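[1] Have a look at this prediction, sequence included:
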Amino acid sequence: MITLRKSEDRGYADHGWLKSYHSFSFADYHDPKHMGWGNLRVINEDRVAAGTGFGTHGHRDMEIVSYVLDGALAHQDSMGNGTAGSANSGVIRPGDVQRMTAGTGVRHSEFNHSKDGTTHFLQIWILPEQRNLTPGYEQKHFDAASKRGRLALVAAPGGEGGAVTLNADARIHAGLFDGAEQATLALDPSRPAYVHVARGQIDVNGQTLKAGDAAKLDGEAQLALSHGQGAEVLVFELAR
C-alpha cells in the first residue's frame, strides 16, 4: 500500500527569519494522523534567512540528521564541534550528511553560514534503538556523482558501506534523477518505508510526486523510481 503525503498538506510555520514545513507533528503543528512513520519522527524542511539561525537549545534520546540542499549551515554543540580548535568545522554544505546522537543530552546551535543567501535544509529525527546513549557527532560528504541515477546509502547502522552511522534501526538513501535515469530498491514488506522528494519531480512506483511530496509505503516489496525531472530524493527504510 502506498499513501501520498502532498507538500501543501504539511504543517507550515513562518517566523520571518525561518520558514518551515513539517511533514509530521512538530512544535505548534499537531495532527494526530501525522505523528511519524515507523521510527521516523520528524522531517522539517527549513529555510533560514542570512544572518539568522537557531540559538543554543537541547535534545536527548534522538538521532538527528541534517541534509543541506542549498547554502551552508553552521553547527556548534556542547561536544566541542564547530568551536575553535575543533577537528570538525561544523559547517554543513550541499552533499554533506550530518548525524548527531543526542543520547543522554546535548546542546547545540545552528545558523545560516551564508552571509547573503538563504540556507535550505532538511532536519530529520529518528528514534534511537536505545535510550541514554553517549552523545556523538559525525559528518560525511556524498558528491553528486555518487547519487546520480542511483540510490546511495548515506546513513545506516554500523556505518554500512561508508554511510554515516545511525544508532537506530533505519537506513537512509539519497539519489538524483533526471530523464531516463531510474532505480529500484528491494524492500522488506514487513517494514515501513518512506520516500521524500526534496526537489524536482519523480515517479514513485508509478505515482508522480513533486518537491515536498512524500509517499508512505507499507507491505511493498519494491520501490521503483523513474521519470525524474531535476529530482533529489531521500528514501527511508524504517522499523515499526
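    Here it is on my side, so go on.
[2] what about Leu187, distance to Ala13?
    32 Å (C-beta to C-beta, to the nearest Å). All C-beta spots, glycine's among them, are computed from the backbone N, C-alpha and C.
[3] Between the two, which has more neighbouring residues?
    More neighbours surround Leu187 than the other of Leu187 and Ala13, with 18 against 15 (other C-beta atoms under 10 Å).
[4] what separates the more buried one from Arg60, distance-wise?
    In terms of C-beta to C-beta, Leu187 sits 31 Å off from Arg60.
[5] Same check on Val195?
    Shown here: Val195 relative to Arg60, a distance of 29 Å by C-beta to C-beta.
[6] So which of these two has more stuff around it?
    Val195 (25 against 14).
[7] okay but that one is in contact with Val235, surely?
    Yes: if you go by C-beta atoms under 8 Å, Val195 and Val235 touch, sitting 5.3 Å apart.
[8] what residues are shared contacts of those two?
    Residues touching both Val195 and Val235 (C-beta atoms under 8 Å, 6 or more residues apart in numbering): Leu223.
[9] Which helix or strand contains Asp116?
    Per DSSP states H and E: Asp116 is located in neither a helix nor a strand.
[10] contacting residues for it?
    Counted by C-beta under 8 Å, 6+ apart, Asp116 has contacts Ala50.
[11] before we move on, what about Asp178?
    Asp178 is in contact with Gly200, Gly228, Gln229, Gly230, Ala231, counting by C-beta under 8 Å, 6+ apart.
[12] Mind doing that once more with 10 Å?
    The contact partners of Asp178, by C-beta atoms under 10 Å, 6 or more residues apart in numbering, come to Arg148, Gly149, Gly200, Ile202, His227, Gly228, Gln229, Gly230, Ala231, Glu232.
[13] Then Gln201?
    Gln201 neighbours (C-beta under 10 Å, 6+ apart): Phe177, Thr208, Leu209, Lys210, Ala211, Asp213, His227, Gly228, Gln229, Gly230, Ala231.
[14] For Pro235, give the beta-bridge partners.
    Actually, residue 235 is Val. It isn't Pro. Here Val235 sits in beta bridges with His173, Val195, going by DSSP bridges.
[15] brain fart, Trp37
    Where Trp37 sits in a bridge, its partners, by DSSP bridges, are Leu40.
[16] Thought Gly90 was touching Leu73, still the case?
    Yes: counting by C-beta atoms under 10 Å, Leu73 touches Gly90, with 8.7 Å between them.
[17] These two: which has the busier surroundings?
    Neighbours per residue, other C-beta under 10 Å: of Leu73 and Gly90, the larger number sits with Leu73, 26 against 22.
[18] Give me the local confidence score for the nearest residue to that one once chain neighbours are set aside.
    Computed as C-beta to C-beta, 6 or more residues apart in numbering, the closest residue to Leu73 that is not its neighbour in sequence is Ile92, at 4.4 Å. If you check Ile92, the pLDDT there is 93.
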